[in-house]
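>>> just a sequence and a predicted model for now, questions to come.
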Amino acid sequence: MNAPAHDTRCPWARTPEETAYHDHEWGVPVRDDRRHFEFLVLEGAQAGLSWLTVLRRREGYRSAFAGFDPAAVAAFDESRMAALQQDTRIIRNRLKIASAVRNARAFLRVQEEFGSYDSYIWRFTGGRPVQNQWRSIEEVPAATPLSDRISRDMKQRGFNFVGSTIVYALMQATGMVNDHLVTCPRHAPVRALGEGM
């Protein structure tokens, strides 16, 4: 795959880490539960910070959070969470660490009820991505009525750090919405992936 030209790529992707993420992952539909859990942890960690801050710690998170295995993270106890607060590879916020563990437990309950988290989350869009047609970054919303609805449902199931803005970022990251600008060379390939589902 050819990387988009810098001047036509979505304008938020500026650094090498952001451009690699934009060109290979952002908006690509995720169907694997462990990948869903990874983004749930990372987007929760991002709250109040830049995505670049999180991207630069992604490998640290992968190591600290058991390869994003929700069953393993759900078993983390108070001493394990306290140790993570000293781990310089991640964002050492006590509430965010506790949230990742709480969300792992909620994630397992959703898997139990729906067979997979993937089945649960994609039912909100009828199993296909929402294909947006934004022409400028100013048009891209921070939240939508759909992210409001998903946020409410997730909170009722025991998830936290899942406000509507975080949920919308999750939807963008996992390809539930295609928010590449129509002028971005990734818009059409990501749309085709969604249409093939």
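Structure's in. What do you need? Numbers count the residues shown, from 1 in each chain.

>>> how close does residue 37 sit to residue 112?
14 Å (Cβ to Cβ, to the nearest Å). (Glycine included, C-beta is placed from N, CA and C.)

>>> which is the next helix or strand following the longest helix along the chain?
Counting residues, the longest helix found in the chain (DSSP state H) is helix 94-114. Counting by DSSP states H and E, the element after helix 94-114 in chain order, helix or strand, is helix 117-122.

>>> the helix or strand that comes right after that next one - what's its average pLDDT?
Beyond helix 117-122 on the C-terminal side, the first helix or strand identified by DSSP H and E is strand 130-131. Model confidence over strand 130-131 averages 97 on the pLDDT scale.

>>> what's strand 130-131 packed up against?
Of the remaining helices and strands, those touching strand 130-131 by 3 or more Cβ pairs under 8 Å, 6 or more residues apart in numbering; DSSP states H and E are strand 177-178, helix 187-195.

>>> so for the helix or strand that it is followed by, what gets flagged as buried?
Per DSSP H and E, strand 130-131 leads on to helix 145-156 as the next helix or strand towards the C-terminus. By neighbour count, with 16 or more other Cβ atoms under 10 Å as the criterion, the buried positions of helix 145-156 are 146-147, 150-151, 153-154.

>>> look up how far residue 46 lies from residue 76.
Noted for residue 76: a distance of 20 Å to residue 46, by Cβ to Cβ.

>>> how about residue 63?
Per Cβ to Cβ, residue 63 is found 18 Å from residue 46.

>>> ditto for residue 101
Residue 101 sits 17 Å away from residue 46, taking Cβ to Cβ as the criterion.

>>> just residue 38 next, same as before
Here the criterion is Cβ to Cβ. By it, residue 38 lies 13 Å from residue 46.

>>> can you list contacts of stretch 55-66?
Stretch 55-66 is contacted by residues 17-18, 21, 38, 41-42, 45, 54, 68, 72-73, 84, 87-91, 100 when judged by Cβ atoms under 8 Å, 6 or more residues apart in numbering.
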